[in-house]
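Chemist: Prediction below, plus the sequence it came from.
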Amino acid sequence: MRKDYNLEKRKFVIGGFIVAIVLIYIVRLVQLQVLDNTYKANADSNAFMEKVIYPSRGLIYDRNDSLVVYNTPEYDLVMIPKDVVPFDTIDFCNTLKISRNEFDRRWEEMRKGRNYSAFTQQVFMNHLTPEDYGRLQEKLYRFPGFYIVQRILRQYNYHVAANVLGDIREVNARDIENDNYYRPGDYTGDLGIEKSYEKWLRGVKGKEILIRDATGKIKGRYNDGADDVAPVAGNNLKLSIDIGLQAYGEMLMQGKVGAIVCIEPKTGEILALVSSPTYDPALLMGKERGKNYGELVNNRLKPLYDRSIMAAYPPGSTFKPTQGLIFLQEGIITTSTAYPCRRGYVNAGLRVGCHGHPSPLSLKPALQTSCNAYFCWGFKHMMDNRKKYGSTGKAFEVWKNHMVSMGYGYKLDIDMPGESRGFIPNTAFYDKFHKKGKWTGQSIISDAIGQGEILATPLQIANLSATIANRGYYITPHVVKNIEGVGVLKKSLQRHDTDIDKNYYTHIVEGMRMAVLGGTCTGANIPGLDVCGKTGTAQNPHGRDHSIFMGFAPMNDPQIAVCVYVENAGFGATFGVPIGALMIQRYLRGNSPGLQAQGRAMASRHTIAYPKAKKTNSGNQTDKNKSKSTKPASNDGSQE
Amino acid sequence: MEVRNEDENTNLLRSVDWFTIVLYLIMVIAGAVSIYAATYDYDRASMFDLSEYSGKQFLWAGLSFLIGFSLLLIDRRIYEAYAYPLYGFMILLLIITCFVAPDIKGSRSWLVFGSMSLQPAEFAKTATALALAKLFSTYGFTLNGWRNYAIALGIIVLPILCIILERETGTALVYTSLIFVLYREGMSGFVLFAALMAVIYFVVVLKFAALTLMGIPLGMVIAFIMVMTLVVGMLLVYCRSWILGRNVLLGYLVAGAIAGGLTLAGVHVNGYAFFLPVIILSLLYLLWGMLHDDLKKVLITICFAAASLVFMFTVSFAFNKVLEPHQQTRIKVTLGIEEDLRGAGYNVNQSKIAIGSGGITGKGFLNGTQTKLKYVPEQHTDFIFCTIGEEKGFVGSVAVLLLFLAMILRIITLAERNHSTFARVYAYCVASYLIFHLAVNIGMVIGLCPVIGIPLPFFSYGGSSLWGFTFLLFILLRIDADRGNYGSW
């Protein structure tokens, strides 16, 4: 074959290219290794020691600028095993006030740790008090290789809102693996906003470069501290929570299991997020954390389980406004359409009970009296409307999409970890459940009244209330109003419009107002506050019905939307409504001796005895409900 | 005419290129020792302990010597005969890997057999090189015409697509280095030039995007001036059209003077409103001039300038829309636009500190602190050069660079001394891979190149990478050893 000498010359281009690259890299190495003084060569690896300086963790304020969480110092005793020389163990133990056995145990534990390295800093003992620190500081020179690191301890001005605030814990191996920021012994947020806002709260670590001699003794600062990096304190957070309202809510819920969620409709800011039973957030700080944490985990009422956002409950009759909206939007009903109620929905051998009220009813009175039959008929007519949708399956998909647009079935994406998405079934679910094509509106009629497979979190119910208050939209609910220096998270400003015509909301609002004036929630009729409300009484497989209230006030300029969910408390009107009414007054009218007295009465006199055997973990309940057969007849008593 | 030398077959020892073998042995052993240093812990086991990275690497190294020796015994005709089937098999294996491989740190490129795992993408390099060599050595094949270009590019692009599917973008990019092979085999040098210019535009436009001049980003102003300079330069040097070059240059100078005058007089001149019409007018003028002169080269110049303009305007759009956020950040960190010391910039910053702390002679074997204190992640794999830089200093780092340079230049020499197209193309493929790995891996460690996760050949920890390069190199050595037998003029 012919050899092309013209092309052979191109070897010089390719060879030249790599020679040029190598030359550029050598120049760069000269710059990094020869000219740059920052980390000038020092053959003795003992000469430098980088001491990490921990930044102060961001403080947390409530919406009215009351300081909620702040820091005090505590100390960790750390060591670099390579630098430790034999020392007087007895003196060491006495100084730390630990026994020889405990010393040996800690030593072994440290060495077996996954991240153990003789070269890096290991935590020998943490949670030293300032007094321990004082004693040890004087003698530290006798124990080369040991150092003291200052950490922070969270302190609480108000011993409430543990579920919102969360806590901090020592990092584990996985945290260190996933994030270069952490070193063994560091702290990270574990629950609540301490976890979700960790990135902002933790700040930026600083470092001090010290010079040591071969025995490990510190000789001074390198380069007069010119290369030290000052730590940057974490960003402070401003909560949307009103800490007074939160404390009041937690008091109201004493002796009951459940949740209260209050939202400012216009902004999506959560004013109070109560989960009951709750605990003092200070329990999870400092030395006693391990013990207290164990006790909380083993408590049968699961106080660590944040019912306000994690528990998926049947929403019961609070679900009815969504149904009214869907029927109006789909043209199934008009505001004047009336359905008969023969003390319930009675059709083809099936009966969903209701109670005495005039019949037939149109939408607004149906909301006022919480008529089960009305919404069952509407639902049946929608599901069985073959002409409009083609099949029940298709009708149900339309229904489901409306529900999703109203914030059900998916996480609302609150700025806290662990939110549950609730449950809204889809057509595929029922096709699997009942076999494809073998189900009709009648088979799933209990969905119409918030029973059956439907599950929602108290947050989602409160969000529905906010959506109705706003006449058709909601802002992603959130608990942090502002990150100092950063602003508010983009997602916390996100507006979501439902796919329901705004005009239809007027009718729902009027129906809910009628319920307060002369229907199921007259207990919430506070003169001058124009409350709108809806009660709910949800059947559940765990005992007595759950008592629910959903509402907002004032009617024409809504400032607060509420959901109260009390487990196994009976009718909505007995617990849900009075608690909701008190929360609304506490927020709109401020604190007063009268309200405090009423609150204390609610806390002490109205308690529920939860049987020992009863499962209160609603997480289990979610799973059970999903797998349970949906016999509509079981909804016989779901009424107001 | 074919020259045969019967003795040559029996005398492999004399004809094999010992220089390359010695370079290879030095690098592999230095690599395993560096891995020991990178992962060394005060009270951990010896260098050869199989539970340590270094012990395993010595095992891989020992096995790779065995593989290398075996490969030297295989006749080159085997490689020529089975180049295509082997390529087909590797492509199939890559596709299978996409589906059966478990997700390891976001990539699906590892085949796991019990405690062992292999990365087929490393071995696909050899298969692709052989297939490309086979193609070019086919009788009568020249890099001419769309069809032949399409076949050659197809052979290169197919593994790239498979590896992108495995989400190993770094490894996929290695194959783009084969552009050097195409260039050597006759592709227009203009393509290399255009690629180089694209990189320069990209860097300039992004790097100076934040500053403004004449009401538009500074990066665009610089890029406009570069286009103008290139147009004049190409007219004078490439087209050798003195008149067109002079006229365009004069036009630009006059326009520049007017803009400067207006600015001095206090009139605000918008950059786009100035540069775009001036450049487009100059191109129209050239079009008109070309009609008279009928010069193909002028047309190329016009197309180049027009393409440059389009490219400049799409760069920032493509950067923001096409690249993933983490890729954007890596590039921004490299260009010094963003300093993300806690996130994407962390590795690179720590590795620069480690290398910088090495000084001229280094801290000495096992005395590195930055790497041992685990400040540098991936210190035994992609960032192994850090340990060398820290412990062996400037002297050691440059020595490693020179070892690679020597090997690459040697391979180019081997390529050119072979008279068969098959051997030459294969050798250039090997050289291209090494150039890419060297440039990108060390570039990333010293902060001159975005972080792309590819290993430093022979040094980085890992059996697949070491074996992959052993295959590449020893097949080349055998083919080269046979040069006397198969050379044809």
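Modeler: All right, it came through fine.

Chemist: from what I can see A:Phe103 touches A:Cys93, true?
Modeler: Yes: assessed by CB atoms under 8 Å, A:Phe103 is found in contact with A:Cys93 at 5.3 Å. Every C-beta, even on glycine, is put in place using the N, C-alpha and C of the backbone.

Chemist: The stretch 501-640 of chain A: strands as residue ranges?
Modeler: A:532-538, A:546-553, A:560-566 (DSSP state E, counting those that start in this stretch).

Chemist: Contacts only, for A:Asn470.
Modeler: Shown in contact with A:Asn470 (CB atoms under 8 Å, 6 or more residues apart in numbering or on different chains): A:Pro265, A:Lys266, A:Pro558.

Chemist: Filter those residues down to the buried ones, ChimeraX style.
Modeler: In ChimeraX syntax, the buried subset of those is picked out as below (16 or more other CB atoms under 10 Å in any protein chain shown):
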select /A:265,266,558
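
Chemist: what sits against A:Glu198?
Modeler: Going by CB under 8 Å, 6+ apart, A:Glu198 touches A:Thr188, A:Gly189.

Chemist: how close does it get to chain B?
Modeler: 13 Å (CB to the nearest CB, to the nearest Å).

Chemist: Could you say whether whichever residue of the stretch 301-450 of chain B sits closest to chain A sits in a helix, a strand or coil?
Modeler: Nearest residue of the stretch 301-450 of chain B to chain A: B:Gly359, at 2.0 Å (CB to the nearest CB). Following DSSP: H, G, I helix; E, B strand; the rest coil, the label given to B:Gly359 is coil.

Chemist: State the pLDDT value of it.
Modeler: Per-residue pLDDT puts B:Gly359 at 82.

Chemist: and it, what are its phi and psi?
Modeler: Dihedral pair for B:Gly359: phi 70, psi -160, per degrees, to the nearest 10.

Chemist: Low-confidence bits of the chain, can you list those?
Modeler: Picked chain A for this. Residues of chain A meeting the criterion pLDDT under 70: A:1-5, A:37-48, A:114-115, A:119, A:212-219, A:223, A:611-640.

Chemist: my bad, the chain I had in mind was chain B
Modeler: Residue ranges of chain B with pLDDT under 70: B:1-10, B:41-46, B:105-106, B:291-294, B:336-346, B:367-378, B:485-489.

Chemist: in it, what residue sits furthest out from the centroid?
Modeler: B:Ala265 (49.2 Å; CA atoms, centre = their mean).

Chemist: what about B:Gly154, how many residues close to it?
Modeler: Neighbourhood size, B:Gly154 [other CB atoms under 10 Å in any protein chain shown]: 10.

Chemist: how about the strands in chain B?
Modeler: Assigned by DSSP state E, chain B shows strands spanning B:111-113, B:116-118, B:212-213, B:216-217.

Chemist: got a list of contacts for stretch B:66-79?
Modeler: The contact list for stretch B:66-79, computed with CB under 8 Å, 6+ apart, reads B:12, B:16, B:24, B:130, B:423, B:467, B:470-471, B:473-475, B:477-479, B:481-482, B:486.

Chemist: Which of these are buried? Put it as a PyMOL command.
Modeler: To isolate the buried subset of the contacts of stretch B:66-79 in PyMOL, counting by 16+ other CB under 10 Å, use the following:
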select buried, chain B and resi 16+24+130+423+467+470+471+473+474+475+477+478+479+481+482+486
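
Chemist: Tell me which residue in the stretch 151-300 of chain A sits closest to chain B.
Modeler: For the stretch 151-300 of chain A and chain B, the shortest gap (CB to the nearest CB) falls at A:Asn180, measuring 5.2 Å.

Chemist: oh, I was asking about the stretch 451-600 of chain A
Modeler: When distances are taken as CB to the nearest CB, the stretch 451-600 of chain A reaches nearest to chain B at A:Lys490, 14.5 Å away.

Chemist: tally of neighbours for residue 153?
Modeler: I'll assume chain A. A:Leu153 has 19 neighbours, counted by other CB under 10 Å.

Chemist: meant chain B actually
Modeler: 13.

Chemist: Also A:Ser336?
Modeler: Neighbours around A:Ser336, by other CB under 10 Å: 8.

Chemist: So it versus A:His507, what's the distance?
Modeler: With distances taken as CB to CB, to the nearest Å, A:Ser336 is found 11 Å from A:His507.

Chemist: for the closest residue to A:Ile454 other than its chain neighbours, what are its contacts?
Modeler: Sequence neighbours aside, A:Asp447 is the residue nearest to A:Ile454 in space, at 5.6 Å (criterion: CB to CB, 6 or more residues apart in numbering or on different chains). For A:Asp447, the contacting residues are A:Phe379, A:Pro425, A:Glu453, A:Ile454, by CB under 8 Å, 6+ apart.

Chemist: Dump those residues to JSON lines, plus neighbour count.
Modeler: Below are the contacts of A:Asp447 laid out as JSON lines (neighbours: other CB atoms under 10 Å in any protein chain shown):
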{"residue": "A:Phe379", "neighbour count": "26"}
{"residue": "A:Pro425", "neighbour count": "21"}
{"residue": "A:Glu453", "neighbour count": "19"}
{"residue": "A:Ile454", "neighbour count": "27"}
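
Chemist: could you turn the strand or helix carrying A:Ile18 into CSV, dropping everything but the C-alphas?
Modeler: Per DSSP states H and E, A:Ile18 falls inside helix A:10-29. These are the backbone C-alpha positions of helix A:10-29, laid out as CSV (Å, rounded to 0.1, in the frame of the first residue of the first chain):
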residue,chain,number,x,y,z
ARG,A,10,0.6,14.9,10.9
LYS,A,11,2.3,12.8,13.6
PHE,A,12,4.0,16.1,14.5
VAL,A,13,0.6,17.7,15.1
ILE,A,14,-0.6,14.9,17.4
GLY,A,15,2.8,14.5,19.1
GLY,A,16,3.0,18.3,19.5
PHE,A,17,-0.5,18.4,21.0
ILE,A,18,0.5,16.1,23.9
VAL,A,19,3.9,17.8,24.3
ALA,A,20,2.0,21.1,24.7
ILE,A,21,-0.4,19.6,27.2
VAL,A,22,2.4,18.1,29.3
LEU,A,23,4.2,21.5,29.2
ILE,A,24,1.1,23.3,30.3
TYR,A,25,0.7,20.9,33.1
ILE,A,26,4.3,21.2,34.2
VAL,A,27,3.8,25.0,34.3
ARG,A,28,0.8,24.5,36.5
LEU,A,29,2.7,22.2,38.8
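
Chemist: List the buried residues of that helix.
Modeler: By neighbour count on 16+ other CB under 10 Å, the buried set for helix A:10-29 is A:Arg10, A:Lys11, A:Ile14, A:Gly15, A:Phe17, A:Ile18, A:Ile21, A:Val22, A:Tyr25, A:Ile26, A:Arg28, A:Leu29.
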